[in-house]
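Participant: how would this look folded up:
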Amino acid sequence: MRFLFVLCSCLILGGCSKQRSSATIKAGASYPVSAALLVSTDSPQMFTAVFHDPSGGSHIKEVTFSVMAGKALPGGKSRWSAHECLVRFDIAANAIWLVPDVGGTWGSHSILAGSPATFSNSQCRVVAAGSSAQVSGDSVTINLELEFTPRFSGTKAIYLGCADVNDRWSDNYQKQFGEFTIKAAQP
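Facilitator: Just a heads-up that it's a prediction; the model follows:
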């Protein structure tokens, strides 16, 4: 089964240009649909991503939102998760996790979406107060409030992944769902 997605490539302080991309999806599996930066001149930045499951949005257990530098791909090389901004959202628990700088783990604890908590690594800070997940019909929409550090400036790629309640992960986790530029801090 093939689906056609309309994706956004967004630039901070710029516009959003649409691209078309197709991906093969297994019938009956959860899959990511789209990601977008809600353009803002302020920091932190608000991102939104949509995921779909033909068995219903409540069948999606968790999602990942990865902001990657350079040519790095999720799972593409040893230590691929080190020094990136990789976020996991457990939908039922309303819990958000962030990979620490060393990579290879989701860290020692999560924060609750909607709470005043934050946590960070050297690339980004997750702001729980502005983050949320909403299940509607066959979809889950997440909003993530992220703030990026000056050392993580430059063009970044967004990758999405999701798992259903049976721990079956989407196959297209190495498919880019957008890109944007983090402006360097002005002296």
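Participant: Quick check, central residue of this protein?
Facilitator: F65 (1.6 Å; Cα atoms, centre = their mean).
Participant: was I right about it contacting F89?
Facilitator: Yes - with contacts counted by Cβ atoms under 8 Å, F65 reaches F89, the gap being 7.1 Å. C-betas here are computed from N, CA, C, even on glycine.
Participant: circling back: how about the residue nearest to the centre of the chain, what does it touch?
Facilitator: 35, 47, 49, 86-89, 142, 144, 158, 160 (Cβ atoms under 8 Å, 6 or more residues apart in numbering).
Participant: Repeat that for P116.
Facilitator: Counting by Cβ under 8 Å, 6+ apart, the residues that P116 touches are 128-129.
Participant: Am I right that V87 sits in a helix?
Facilitator: No - per DSSP: H, G, I helix; E, B strand; the rest coil, V87 lies outside any helix segment and is strand.
Participant: OK, contacts around it?
Facilitator: Contacts of V87 (Cβ under 8 Å, 6+ apart): 64-66, 96-99, 126, 144, 146.
Participant: again, only using 10 Å
Facilitator: Contact partners of V87, counting by Cβ atoms under 10 Å, 6 or more residues apart in numbering, are 47, 49, 63-67, 96-99, 106, 124, 126, 131, 142, 144, 146.
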